[in-house]
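[1] Sequence below, structure please.
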Amino acid sequence: MAKKLFIKTYGCQMNSYDSARMADVLAPLGYVSSETPDGADMVILNTCHIREKASEKVYSELGRLRHLKENRSASDAGMVIAVAGCVAQAEGEEILRRAPYVDIVLGPQTYHRLPEMVARATRAADGVGGAAGHGRGVLDTEFPVSNKFDHLPGESAPQGVSAFLSVQEGCDKFCTFCVVPYTRGAEFSRPVDQVLAEARRLVDQGAREITLLGQNVNAYHGLDERDGEVGLGRLMERLSDIEGLARLRYTTSHPRDMDDELIAAHGALDAVMPYLHLPVQSGSDRVLAAMNRRHTAQSYRDTIAALRQARPDIALSSDFIVGFPGETDTDFEATLDLIRDVEFAQAYSFKYSVRPGTPAGTLDDQVPEPAKDERLAVLQGLLRDQQNAFNAASVGQTMTVLFERAGRHADQLVGRSPYNQAVHVAAPNDRIGSLADVRIDSCLAHSLGGVLTENPGFALEGPAIEVAEGVGV
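    I've put the predicted structure just below:
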């Protein structure tokens, strides 16, 4: 009899990939995915430690799950609750102390051992009416000597037209604000043949676009069949030879690892999309040094210039932190200057908040919250203007769109432009998974609208799409 598995994923695409692989690992035990935790036999919270108050959000969700677990009949098999991911890695013992009804706590490097953990949790629950846990939770937050990818089964469920593929994990950069080196471990790159094999399986399952994932994905240095070290640019060259794979993207990158070979790949490989997320965090060299970023504002500008020389139509996205300890008005103005110089198509911006165990949390001269709020509002206003201008400039252009899914209306599809913008088009469902040229004719609140150039008269059934007066992403 099938058992229901519900996984709630927090955070980045890396966690989404990990959640899918946990489902693959548990499938041989009879677990099938469920859309809700109600009635689930196992619930996994796959956590992220990046956002503010991440831990408290997890404990709040665990409180809700506790009631579901306690309401299960003593005659059934009960509910197994697991906490995975970066919060689990950072706070394993504390989770079991504060939430003793949790059965399994596992770090992001150990989910290939989930079947063993489930068996141990089940044995621990034997004789307690099926209610597993209650102080005997299984904890596995080690960094194994062997890497988890060598032990994972093939993907059991297709990801769809656009798929994620993890090629690199961990971080050796030790930015002073970040917990990733402590929760994900040292940088590790999967062997080239392993990446190629998984990419081919994804394409066989229907993927036309693959996004390569890693905490520092452009630090990739996997070994090829001759035990030679291969960088990300060369890996993408190998991947672009796979028949049926039309598009490649990668995220997230570090400015220090944008080498000449990778930059050249942006100009040489048609499959590599002209859109790159390259976090800079600040435009102040003094703040960047305090963050231990080990790049400067000018070196970032130089990298962008090299990318634009290799691929003139490339669009940029980035991350920014405002209110880092010691940030002055002058430092903040330097960040605004960098944004004006580069011009971003999209960006993510956050107020600095302390992450327990990170060096920045112990720094003096923490910036007052009102100052952080004011700076964030100014920065987001500038970024919003740039994003709106980029989207507005798309109107009138013809772009190749990869159709991913049906839209809200009959005979409407949603696809992605080369710049990762959502594009709504009147087109039949049999075009899902295909690429087509689309003339962009409108900007919506969070997407673009367009028409097929090959059949511009195709009628959209249902209500017309309202075109917003503003633009954005």
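[2] Could you use CA atoms for every contact and neighbour count after this?
    Noted.
[3] which residues touch the nearest residue to residue 26 once chain neighbours are set aside?
    Nearest in space to residue 26, with sequence neighbours left out and distances taken as C-alpha to C-alpha, 6 or more residues apart in numbering, is residue 115 at 6.4 Å. Listed by C-alpha atoms under 8 Å, 6 or more residues apart in numbering, the contact partners of residue 115 are 25-26, 29.
[4] Roughly how far does residue 115 sit from residue 23?
    The gap separating residue 115 from residue 23 is 11 Å, by C-alpha to C-alpha, to the nearest Å.
[5] and what of residue 90?
    With distances taken as C-alpha to C-alpha, residue 90 is found 23 Å from residue 23.
[6] and what of residue 368?
    Distance of residue 368 to residue 23, given as C-alpha to C-alpha: 43 Å.
[7] okay, the two: which has more neighbours?
    Neighbour tally, residue 368 and residue 23, criterion other C-alpha atoms under 10 Å: the higher count belongs to residue 23, 22 against 10.
[8] quick one: the strand or helix carrying that one to chain centroid distance?
    Using DSSP states H and E, residue 23 maps to helix 13-26. Distance of helix 13-26 from the chain centroid (C-alpha atoms, centre = their mean, to the nearest Å) equals 12 Å.
[9] and that helix, what other elements does it pack with?
    Counting contacts by 3 or more C-alpha pairs under 8 Å, 6 or more residues apart in numbering; DSSP states H and E, helix 13-26 is packed against strand 3-9, strand 31-33, strand 42-47, helix 114-125, strand 162-166.
[10] at 7 Å instead, please
    Helices and strands touching helix 13-26, by 3 or more C-alpha pairs under 7 Å, 6 or more residues apart in numbering; DSSP states H and E, are strand 3-9.
[11] shaky segments in the protein?
    Residues of the chain meeting the criterion pLDDT under 70: 1, 51-52, 73-77, 124-136, 144-157, 445, 455-473.
[12] ok, back up a step: just curious, which of the contacts of residue 115 is nearest to residue 269?
    Residue 269 has its nearest neighbour among the contacts of residue 115 in residue 25, at 34.4 Å by C-alpha to C-alpha.
[13] Isn't residue 423 up against residue 413?
    No - the pair residue 423 and residue 413 fails to qualify as a contact (C-alpha atoms under 7 Å) at a distance of 8.2 Å.
[14] Comparing the two, which residue is more hemmed in?
    Ranked by neighbour count (other C-alpha under 10 Å), residue 423 and residue 413 place residue 423 first, with 26 against 23.
[15] Residue 297 - nearest residue in space that isn't next to it in sequence?
    residue 283 (5.2 Å).
[16] oh sorry, the question was meant for residue 62
    Nearest non-adjacent residue to residue 62, counting by C-alpha to C-alpha, 6+ apart: residue 99, 7.5 Å away.
[17] Kindly report the same for residue 256.
    Nearest non-adjacent residue to residue 256 (C-alpha to C-alpha, 6+ apart): residue 295, at 6.4 Å.
[18] how far away is residue 357 from residue 178?
    Distance, residue 357 to residue 178, using C-alpha to C-alpha: 9 Å.
[19] quick one, which of the two is more surrounded?
    The neighbour count for residue 357 versus residue 178, taken as other C-alpha under 10 Å, is higher for residue 178 (21 against 14).
[20] Contacts only, for the more buried one.
    The contact partners of residue 178, by C-alpha atoms under 7 Å, 6 or more residues apart in numbering, come to residue 358.
[21] Give me the buried stretch members for stretch 184-193, please.
    Neighbour-count burial for stretch 184-193, with 16 or more other C-alpha atoms under 10 Å as criterion, is recorded at 184-185, 187-192.
[22] Closest one to residue 264 out of those residues, please.
    Nearest to residue 264 out of the buried residues of stretch 184-193 is residue 192 (C-alpha to C-alpha; 19.7 Å).
[23] my read: that closest one touches residue 227, true?
    No - assessed by C-alpha under 7 Å, residue 192 is found out of contact with residue 227, at 9.6 Å.
[24] List the buried residues for stretch 358-378?
    Across stretch 358-378, burial judged by 16+ other C-alpha under 10 Å covers 358-361, 366-367, 372, 375-376.
[25] Need the distance between the two termini of it.
    Using C-alpha to C-alpha, the end-to-end distance of stretch 358-378 comes out at 27 Å.
[26] Contacts for it, please.
    176-179, 322-326, 351, 354-355.
[27] What subset of these is buried?
    By neighbour count, with 16+ other C-alpha under 10 Å, the contacts of stretch 358-378 hold 176-179, 322-325, 351, 354-355 as buried.
[28] I'd like those written out as CSV, with distance to residue 253 and secondary structure added.
    Shown next, in CSV, are the buried ones among the contacts of stretch 358-378 (distance: C-alpha to C-alpha, whole Å; DSSP: H, G, I helix; E, B strand; the rest coil):
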residue, distance to residue 253, secondary structure
176, 17, coil
177, 17, coil
178, 15, coil
179, 16, coil
322, 20, strand
323, 22, coil
324, 21, coil
325, 24, coil
351, 21, strand
354, 23, coil
355, 21, coil
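[29] could you redo the residues you listed as a markdown table and give each row distance to residue 432?
    Converted to a markdown table, these look like this (distance: C-alpha to C-alpha, whole Å):
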| residue | distance to residue 432 |
| --- | --- |
| 176 | 44 |
| 177 | 42 |
| 178 | 39 |
| 179 | 39 |
| 322 | 41 |
| 323 | 44 |
| 324 | 44 |
| 325 | 48 |
| 351 | 39 |
| 354 | 44 |
| 355 | 42 |
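[30] Show me the helices in the protein, by range?
    All helices of the chain, identified by DSSP state H, fall at 13-26, 54-70, 86-98, 114-125, 180-184, 192-204, 232-239, 260-268, 285-290, 297-310, 329-342, 369-394.
[31] relative to strand 42-47, how tilted is the first one?
    Angle, helix 13-26 to strand 42-47, by axes from the mean of the first three to the mean of the last three C-alpha atoms, to 10 degrees: 160 degrees.
[32] Same question for the fourth one.
    Interaxial angle, helix 114-125 versus strand 42-47 (the same axes, to 10 degrees): 120 degrees.
[33] And the strands in the stretch 351-473 of the chain, which stretches?
    Along the stretch 351-473 of the chain, counting by DSSP state E, counting those that start in this stretch, strands occupy 398-406, 412-416, 422-426, 435-443, 448-452.
[34] deepest of these, which one?
    Most buried of these, by mean neighbour count (mean count of other C-alpha atoms under 10 Å): strand 422-426, with a mean of 25.
[35] got the contact list for it?
    Residues from elsewhere that reach strand 422-426 (C-alpha under 7 Å, 6+ apart): 411-417, 447-451, 458-460.
[36] For stretch 81-100, what is the distance to the chain centroid?
    Relative to its parent chain, stretch 81-100 has a centroid offset of 21 Å by C-alpha atoms, centre = their mean.
[37] Use 805 as the first number for this chain going forward.
    With 805 as the first residue, the last one maps to stretch 885-904.
[38] Using neighbour counts, pick out the buried residues of that stretch.
    885-896, 899-900, 903-904.
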